[in-house]
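Engineer: My questions are about this predicted structure, shown below with the sequence.
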Amino acid sequence: MAMDEHTDITTDATAEATEDVAALAGSDDVTRYPIAPGYRVNVRTGPGTKYGIVRTLPYGMKVPVYCQKPGERVTGPYGTSNLWDNIANGQFVADAYVHTGSDGYIAPRCD
């Protein structure tokens, strides 16, 4: 289990990222899926916990899933999966923390 997929630490960078995500939230018509309640999920540059953290999503966030990619297997509140969801250009979250309603692909595979 990847223990660093969620955190309870709030930073100025997180606040700025929240504003950036909020701005993106109104910019398209893609379905958004909720992050598991009570979790602040790390957004990474690739499909695994060894990739750098871009930002941490706030509690209650909903994210678009543009495409999905296999990567590191992660256990979260929605099971264990190797799927990672692309939520913005070069930004991925572990699907095990996103309530998509499916254990499989719900979006095209990322190139």
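Structural biologist: Good, I have the coordinates.

Engineer: Now the residue at minimal distance from the centre of the chain: which helix or strand?
Structural biologist: With distances taken as Cα atoms, centre = their mean, residue 93 lies nearest the centre of the chain, 2.7 Å away. Assessed by DSSP states H and E, residue 93 sits inside strand 91-94.

Engineer: quick one: that strand to chain centroid distance?
Structural biologist: 4 Å (Cα atoms, centre = their mean, to the nearest Å).

Engineer: Now that strand: buried residues?
Structural biologist: Across strand 91-94, burial judged by 16 or more other Cβ atoms under 10 Å covers 91, 92, 93, 94. Bear in mind the C-beta positions are built from the backbone N, C-alpha and C, glycine included.

Engineer: now swap in stretch 37-57 and tell me
Structural biologist: Neighbour-count burial for stretch 37-57, counted by 16+ other Cβ under 10 Å, picks out 39-44, 46-49, 51, 54-57.

Engineer: Am I right that the residue nearest to the centre of the chain is in contact with residue 43?
Structural biologist: Yes: proximity of residue 93 to residue 43 meets the contact threshold set by Cβ atoms under 8 Å, at 5.6 Å.

Engineer: list residues touching both of these two?
Structural biologist: Common contacts of residue 93 and residue 43, defined by Cβ atoms under 8 Å, 6 or more residues apart in numbering, comprise 57, 87.

Engineer: hmm, which helix or strand of this structure has the shakiest average pLDDT?
Structural biologist: helix 12-25 (a mean of 43; mean pLDDT, DSSP states H and E).
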